[in-house]
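> The sequence and its predicted three-dimensional model are supplied below.
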Amino acid sequence: MRKKLKNNDKKPTSAYIHIPFCTQICYYCDFAKVYIQNQPVDAYLTTLLAEFDAQDIAALKTIYIGGGTPTALTARQLDTLLSGITRHLDLNQLKEFTVEANPGDLSDDKIAVLKKHHVNRVSLGVQTFNDKLLKKIGRSHTAQDVFDNIAKLKAAGFDNITIDLIYALPGQTMADVKKDVATLLSLDLPHVALYSLILENHTIFMNKMRRGKLDLPSDDSDFEMYNYIIDSLETAGYDHYEISNFGKKGFESAHNLMYWDNAEYYGFGAGASGYVSGIRYKNHVPIHHYLENDDKRAVQEALTIKEQMEEELFLGLRKKSGVNTVAFNRKFNQDFDAIYGETVAKLIEKHLLSRNEETIFMTRQGLMLGNDVFEAFLLDDLA
Ligand SMILES: C[S@@+](CC[C@H](N)C(=O)[O-])C[C@H]1O[C@@H](n2cnc3c(N)ncnc32)[C@H](O)[C@@H]1O
Ligand SMILES: C[S@@+](CC[C@H](N)C(=O)[O-])C[C@H]1O[C@@H](n2cnc3c(N)ncnc32)[C@H](O)[C@@H]1O
Ligand code: SF4
């Protein structure tokens, strides 16, 4: 179907900002980033803030600064970035302002800068509490750094702290996962994201795998770990509100929910994705391409209605609450069951999907095999 969606005149109320610098390059990571030494960091920040200013944004509900590692910047650079972003914003409307941080990088002066500029959520890339495993995956911090950073953040008044953990790491056993979960629960944080290790191209791990030198847990162990994690966290009072995300009541990430609700957002910086006025775009990467091109967008595409409907399903089904079919009918002016009724029935038969009156949502099995479910919702060209 070639028909374009009507452009949405309303401005997005969320922004993602990308800082593509790191003080370490982890063996598993394929995100847009480079080692920070000798990089044109100040020039990058100037260009990034010019890109931001050009949109003339008066208010945002959620801001997410990710990377790379935002806290790889010096306190002065972080101050420049955060004051540049918040300078013209109506801060009364800002609900969630997240900055990602690497435990090894988060000093007192950087924490003070975050606090000064209204950051109210910090996401720490912990990955595991096992120091041996941390070394094995190329991280330069220890579990103790994490405990120290969390204590400092709490002392500075940050109550919305989330951590990222990865499981199914090379050589990791079920006993290791149980220890990580026990440590996590002892910290009593309001939110955590747990990812199964993905073997990405162009990473040291992929290189090792090709040479037969990476000892990854089997798919069965991966399932067992995932099941254990979900059961333990749910028992401890966390809501498993998205495939990889768990939150105490009221601490679900508003910014990430915005993505899964298929809403529009700005993306600023090298490699950032955005979705504005019906157009999905991705900015130039690597950094010098981003700096040198006047048009920061490397690719952009106006989504057809078919693509919009597919995305509504892929993204919405990531959430435990699933997709509301009545809202779908209203949004697209189509009959959900005429398009997807058969697909849904087949997935229910395979115990991957459930349905109640208005919504469809994934079963535990579906959450584990997410990609199989998403593929089933790809549409052939509609007439
Ligand atoms: C792009 S990183 C940015 C966070 C920050 N630089 C840090 O590492 O502390 C965001 C998160 O993605 C997750 N991640 C990155 N690569 C992954 C992979 N190959 N498999 C699973 N999770 C991954 C990690 O948990 C990481 O904390
Ligand atoms: C893997 S997720 C981790 C989420 C986080 N732990 C939380 O719950 O707040 C975050 C990473 O996804 C990537 N990311 C998120 N939104 C993006 C966007 N709009 N454009 C490009 N990358 C994005 C960034 O690399 C970012 O570090
Ligand atoms: S996981 Fe974080 S610190 Fe490690 S390379 Fe990726 S972005 Fe950088």
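Perfect, I can see it now. Ligands and ions are numbered 1, 2, ... in the order given.

> Glu301: neighbour count?
11 (other Cβ atoms under 10 Å). Just so you know, the C-beta spots here come from the backbone N, C-alpha and C atoms, and that holds for glycine as well.

> Test my guess that it contacts Gly278.
No - contact criterion Cβ atoms under 8 Å: Glu301 and Gly278 do not qualify, at 9.7 Å.

> how far is stretch 100-110 from where the chain is centred?
19 Å (Cα atoms, centre = their mean, to the nearest Å).

> The stretch 101-250 of the chain: helices as residue ranges?
Along the stretch 101-250 of the chain, the stretches classed as helices by DSSP state H, counting those that start in this stretch are 108-116, 131-136, 143-155, 174-187, 204-210, 219-235.

> can I get those in TSV with distance to ligand 1?
Formatted as TSV, the helices of the stretch 101-250 of the chain follow (distance: least, Cβ to the nearest ligand atom, whole Å):
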stretch	distance to ligand 1
helix 108-116	14
helix 131-136	11
helix 143-155	10
helix 174-187	12
helix 204-210	8
helix 219-235	12
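
> Output these in a markdown table, with mean pLDDT appended to each entry.
Formatted as a markdown table, those follow (pLDDT from 0 to 100):
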| stretch | mean pLDDT |
| --- | --- |
| helix 108-116 | 98 |
| helix 131-136 | 98 |
| helix 143-155 | 97 |
| helix 174-187 | 98 |
| helix 204-210 | 96 |
| helix 219-235 | 97 |
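
> and of these, who's closest to Gly267?
Gly267 sits nearest to helix 108-116 of all those, at 21.3 Å, using Cβ to Cβ.

> contact partners of that closest one?
Helix 108-116 is contacted from outside by 71, 75, 78-79, 82, 99, 101, 122, 152-153, 156-158, using Cβ atoms under 8 Å, 6 or more residues apart in numbering.

> Neighbour-wise, give me the winner out of the residues you listed.
Busiest of those [other Cβ under 10 Å] is Thr71, holding 31 neighbours.

> close enough to count as contact, that one and Ala101?
Yes - counting by Cβ under 8 Å, Ala101 is a contact partner of Thr71 at 4.2 Å.

> near ligand 2 at all, stretch 312-327?
No - residues of stretch 312-327 are not located near ligand 2 by Cβ under 6 Å from any ligand atom, the shortest gap being 12.4 Å.

> Next, the distance between the ends of that stretch.
11 Å (Cα to Cα, to the nearest Å).

> How far away from the center of its chain is that stretch?
With Cα atoms, centre = their mean, you get 17 Å for stretch 312-327.

> what's near enough to touch the spatially most central residue of the chain?
What sits nearest the mean C-alpha location of the chain, by Cα atoms, centre = their mean, is Asn256, with 6.4 Å. Contacts for Asn256 (Cβ under 8 Å, 6+ apart) come out as Tyr64, Glu242, Asn245.

> Thr62 versus that one, what's the distance?
Computed as Cβ to Cβ, to the nearest Å, the Asn256 to Thr62 distance reads 9 Å.

> repeat for Leu48
18 Å.

> Ala175 too?
Note on Ala175: its distance to Thr62, by Cβ to Cβ, is 38 Å.

> Of the two, give the one with the bigger neighbour count.
Thr62 (24 against 7).

> Tell me the bridge partners for that one.
Taking DSSP bridges, one obtains Ser14, Glu96 as the residues bridged to Thr62.
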